[in-house]
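# coordinates only, sequence not included:
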Ligand code: CP
Ligand code: NVA
């Protein structure tokens, strides 16, 4: 793996990256986290700019991109859709062309995967997917890093996602686990299963990596899990589905009884955040000793810095 492999590349989904490439990004993430902990200052983005485009709200992703880029000497520019013409008065293609003339990279958070794809196609600079309805790839890298920090490795570990099995976070985890040989089980009502097309792709990648990928509605399948993961029942943009989701997902709340079903005292709890405490997870779990949600949030910054360094550095 040479740095040249990454130069100028976008990150739209982990489907576009090999196992070795993802492993390289994890190594760089560990390196930059170590630098931060030792108080080292680096200026690897001096003279560079990044446009941070947001159609949806964000705390972690925005702050991770802004601080990771800024503390390396770069200049991040936050642009919400209340500020710019994206898709309103101007086509995505034209906005992409203009931003590509002014910025070294673009981050996009919003609704359609097609938008982030168009930005990458027409801007000519690396584009990072900071969450769409379809995928949340930068989150998944931070999640794997957190698992590796706890267990030394992720390969062969069992991760169970309990909740809305077709959302952006579950789908991204399914892809990255399939690539890296992490056993991944989605526990969700059948009406919230991830789409068959993505599952087929993941099963074929898993056959190569040795990952076991399973979809089930049975919460007893958390038995033996190293990590239990959940996310909100109602993702951004789906607010109208709130009542239906509540009915469907109430039996899938991650509470201490569910954590105990792993049969292991050392299993950890993960959540991408923001969390609705009392819905998808109880306060005793997310604020309890098994939770690694806060390390996971911090790891967003180190992993995002690693992705930008590899593709822009
Ligand atoms: N996990 C995550 O993406 O958080 P934000 O929505 O706050 O960016
Ligand atoms: N699935 C959630 C993730 C938030 C980080 C959403 O899309 O709102």
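Happy to help now that I have it. Please read all numbers here as calculations on a predicted model, not as lab measurements. Ligands and ions are numbered 1, 2, ... in the order given.

# number of nearby residues for residue 4?
Residue 4: 7 surrounding residues under other CB atoms under 10 Å. In this view, the C-beta of every residue, glycine as well, is placed from N, C-alpha and C.

# and the helix or strand in which residue 295 is found, anywhere near ligand 1?
Taking DSSP states H and E as the definition, one finds residue 295 inside helix 293-312. No - counting by CB under 6 Å from any ligand atom, no contacts exist between helix 293-312 and ligand 1, the nearest distance being 6.6 Å.

# what about that helix, near ligand 2?
No - Helix 293-312 is not in contact with ligand 2 by CB under 6 Å from any ligand atom; minimum separation 9.9 Å.

# which of the residues in that helix are buried?
Buried residues in helix 293-312, counted by 16 or more other CB atoms under 10 Å: 293, 296-312.

# how close does the residue lying closest to residue 133 once chain neighbours are set aside get to ligand 2?
Counting by CB to CB, 6 or more residues apart in numbering, the nearest residue to residue 133 once its immediate chain neighbours are dropped is residue 111, at 5.5 Å. The gap separating residue 111 from ligand 2 is 10 Å, by CB to the nearest ligand atom, to the nearest Å.

# And residue 122, by the same measure?
Distance from residue 122 to ligand 2, by CB to the nearest ligand atom: 25 Å.

# same deal with residue 155?
26 Å.

# ditto for residue 34
In terms of CB to the nearest ligand atom, residue 34 sits 26 Å off from ligand 2.

# quick one: contacts of stretch 67-87?
Contacts to stretch 67-87, defined as CB atoms under 8 Å, 6 or more residues apart in numbering, come from residues 41-55, 62, 65-66, 88, 92, 95, 103-104, 110, 115, 301-302, 304-305, 308-309.

# Report whether that stretch contacts ligand 1.
No - contact of stretch 67-87 with ligand 1 (CB under 6 Å from any ligand atom) is absent, the minimum separation being 12.6 Å.

# Pull out the buried positions in that stretch.
For stretch 67-87, by 16+ other CB under 10 Å, it's 68-69, 72, 74, 76, 79-80, 84, 86-87.

# now, which of those residues lie close to ligand 2?
Of the buried residues of stretch 67-87, not one also sits near ligand 2 (CB under 6 Å from any ligand atom).

# and the residues you listed as a markdown table, adding pLDDT?
Listed next are the buried residues of stretch 67-87 as a markdown table, based on pLDDT from 0 to 100:
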| residue | pLDDT |
| --- | --- |
| 68 | 98 |
| 69 | 98 |
| 72 | 98 |
| 74 | 98 |
| 76 | 98 |
| 79 | 96 |
| 80 | 94 |
| 84 | 84 |
| 86 | 82 |
| 87 | 77 |
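
# quick one: which of these sit in strands?
Members of the buried residues of stretch 67-87 lying in strands (criterion: DSSP state E): 76, 79-80.

# quick one: the helices in the protein?
Using DSSP state H, the helices of the chain run over residues 19-37, 60-70, 92-102, 113-123, 137-151, 168-180, 196-209, 242-249, 256-260, 283-286, 293-312.

# which stretches of the stretch 151-300 of the chain have low pLDDT?
Residues of the stretch 151-300 of the chain meeting the criterion pLDDT under 70: none.

# can you tell me the residue of the stretch 151-300 of the chain closest to ligand 1?
residue 272 (3.9 Å; CB to the nearest ligand atom).

# just checking, that residue touches residue 231?
Yes - here residue 272 reaches residue 231: they are 5.5 Å apart, a contact under CB atoms under 8 Å.

# and this structure, which residues reach ligand 1?
Near ligand 1, when you scan the chain using CB under 6 Å from any ligand atom, you find 58-61, 131, 139, 272-274.

# any chance of these in JSON lines, with neighbour count and distance to residue 182 too?
Shown next, in JSON lines, are the residues of the chain next to ligand 1 (neighbours: other CB atoms under 10 Å; distance: CB to CB, whole Å):
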{"residue": "58", "neighbour count": "19", "distance to residue 182": "26"}
{"residue": "59", "neighbour count": "11", "distance to residue 182": "26"}
{"residue": "60", "neighbour count": "22", "distance to residue 182": "22"}
{"residue": "61", "neighbour count": "24", "distance to residue 182": "22"}
{"residue": "131", "neighbour count": "28", "distance to residue 182": "21"}
{"residue": "139", "neighbour count": "27", "distance to residue 182": "15"}
{"residue": "272", "neighbour count": "26", "distance to residue 182": "16"}
{"residue": "273", "neighbour count": "16", "distance to residue 182": "21"}
{"residue": "274", "neighbour count": "14", "distance to residue 182": "24"}
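
# how much space between the nearest residue to residue 165 once chain neighbours are set aside and residue 65?
Of all residues not flanking residue 165 in the chain, residue 188 sits nearest, at 3.0 Å (CB to CB, 6+ apart). Counting by CB to CB, to the nearest Å, the gap from residue 188 to residue 65 is 30 Å.
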